[in-house]
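Peer 1: only geometry, no sequence info:
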């Protein structure tokens, strides 16, 4: 049986605890152990974006890729909510399939990082029209992801449909 949006949200909230602990760890490292790492965020936009990706998005994505694929089977949150991600035939999803799923799933998150870095550098200046489109795309993707997970017959989010994955109760 396919997992409802609210069960998936519950699982994500548990996984968010893991992410929050990791972010606290990063904060501790950046503020107390290696404050010079903060300089990477005050340099060029490309350096700041790449640093943020390497320190935050990549490790969290790897967590989901390993835990949701057939390598581990379930993330912490999915274990707590008794759900798992499977492939088209109900088998454990491959690392490649989960990697594609994770990239699509976190696309709005990474686009928001991209936008925030640029908006900070603008300050009180004029916001280019392209940034409004990026902001709109972020919200559009979020609404589509949530809407498809709620209203589709098999409770698949758009990224599940594109990667041929299903989130099922176990």
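Peer 2: That came through, no problem. All values derive from a computational prediction rather than experimental measurement.
Peer 1: Residue 141 in helix, strand or coil?
Peer 2: Per DSSP: H, G, I helix; E, B strand; the rest coil, the local secondary structure of residue 141 is helix.
Peer 1: and it, what is it in contact with?
Peer 2: Applying CB atoms under 8 Å, 6 or more residues apart in numbering to residue 141 gives the contacts 107-108, 111, 158. To be clear about C-beta, it is placed using only N, CA and C from the backbone, and glycine gets the same treatment.
Peer 1: Near the closest residue to residue 19 other than its chain neighbours, how many other residues are there?
Peer 2: If the residues on either side of it in the chain are set aside, residue 19 comes closest to residue 60, at 5.6 Å by CB to CB, 6 or more residues apart in numbering. Residues near residue 60, counting by other CB atoms under 10 Å, number 19.
Peer 1: quick one on the thing from earlier: buried subset of the contacts of residue 141?
Peer 2: Buried by 16 or more other CB atoms under 10 Å: 107-108, 158, out of those.
Peer 1: could you redo those residues as a markdown table and give each row pLDDT and distance to residue 29?
Peer 2: A markdown table is the format used below for the buried ones among the contacts of residue 141 (pLDDT from 0 to 100; distance: CB to CB, whole Å):
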| residue | pLDDT | distance to residue 29 |
| --- | --- | --- |
| 107 | 96 | 27 |
| 108 | 97 | 26 |
| 158 | 98 | 35 |
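Peer 1: quick one: which of the residues you listed is nearest residue 92?
Peer 2: Closest approach between these and residue 92, by CB to CB: residue 158, at 21.8 Å.
Peer 1: mind listing what the residue sitting nearest the centre point of the chain touches?
Peer 2: Nearest to the mean C-alpha position of the chain, counting by CA atoms, centre = their mean, stands residue 106 at 3.2 Å. Counting by CB under 8 Å, 6+ apart, residue 106 makes contact with 57, 60-61.
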